[in-house]
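Asks: compute the structure for the input listed below.
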Amino acid sequence: MQMDSSKKQSRESVAWDWQTPDPRPNQVDLAIPSDPRLLRIVRLTIMHLTELAGFVEEERKSVALAVDEACSNIIKHAYHGATDRPILIRFQLLDRGLRVLLRDYGRKADLSKIKSRELDDIRPGGLGVHLIRSVMDVVEYDNSLEDGNLLTLEKYLRR
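Replies: This is a model prediction of the structure:
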C-alpha cells in the first residue's frame, strides 16, 4: 500500500535523529544490526508492549510474528543478507493499539513488486507480505526518503 501525500507529510516526523535521544511517553526506540539472531529482542519488546496495550495473547503473538517477518524482509531484500546494517524501530503505544515504524537504509523497495503470492501456490516462502497484511490493520510502505525505506505498521484493539 502506498502512502498518499497527506499521510506522508504527517509521517515526516518519523525521520527522527537517532543521534539525539528523544524519550517520550508511550514510545520506545530500538536500533539493532540487521542480524537475524537479534530479532528475538524485537519479538520480546513487541510481546511486552502489546501486553501493555491490552492485546490478548493470540494477538500479541501474531503481531510479534508480523513485525519479525517485516524485519526479516528488511534483512533479505533491503540489505541482501548483510548482518551489520541498521534497523531502526520506533514503537508507539496508541490509545487503542500499537504503531511500529521500521526504518532501513538499504535498497529502496519497488512498491509495485510488494505483493503476496496466491495462497494456493504451494511452495516454500513468499507468504510474509500476506501474513503482515492479514495481521496488521495498517501497512504503509514509504520509499520516498533520501535513503532506504520506512514501513509503518499499526494494530488496533478490537474491544
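
Asks: phi and psi next, for residue 88.
Replies: Per-residue torsions, residue 88: phi -110, psi 130 (degrees, to the nearest 10).

Asks: before we move on, what SS does the residue nearest to it when sequence neighbours are not counted have?
Replies: Nearest residue to residue 88 in three dimensions, chain neighbours excluded: residue 103, at 4.1 Å (Cβ to Cβ, 6 or more residues apart in numbering). To be clear about C-beta, it is placed using only N, CA and C from the backbone, and glycine gets the same treatment. Using DSSP: H, G, I helix; E, B strand; the rest coil, the secondary structure recorded for residue 103 is strand.

Asks: what sits opposite residue 103 in the beta ladder?
Replies: residue 88, residue 150 (DSSP bridges).

Asks: contact partners for the most centrally placed residue in the chain?
Replies: Centroid check for the chain by Cα atoms, centre = their mean gives residue 102 as the closest residue, at 4.3 Å. The contact partners of residue 102, taken as Cβ atoms under 8 Å, 6 or more residues apart in numbering, are 67, 70, 71, 74, 87, 88, 89, 150, 151, 152, 153.

Asks: correct me, but the first one touches residue 43?
Replies: It stands for residue 67. Yes: look at residue 67 against residue 43 with Cβ atoms under 8 Å: they come within range, at 7.4 Å.
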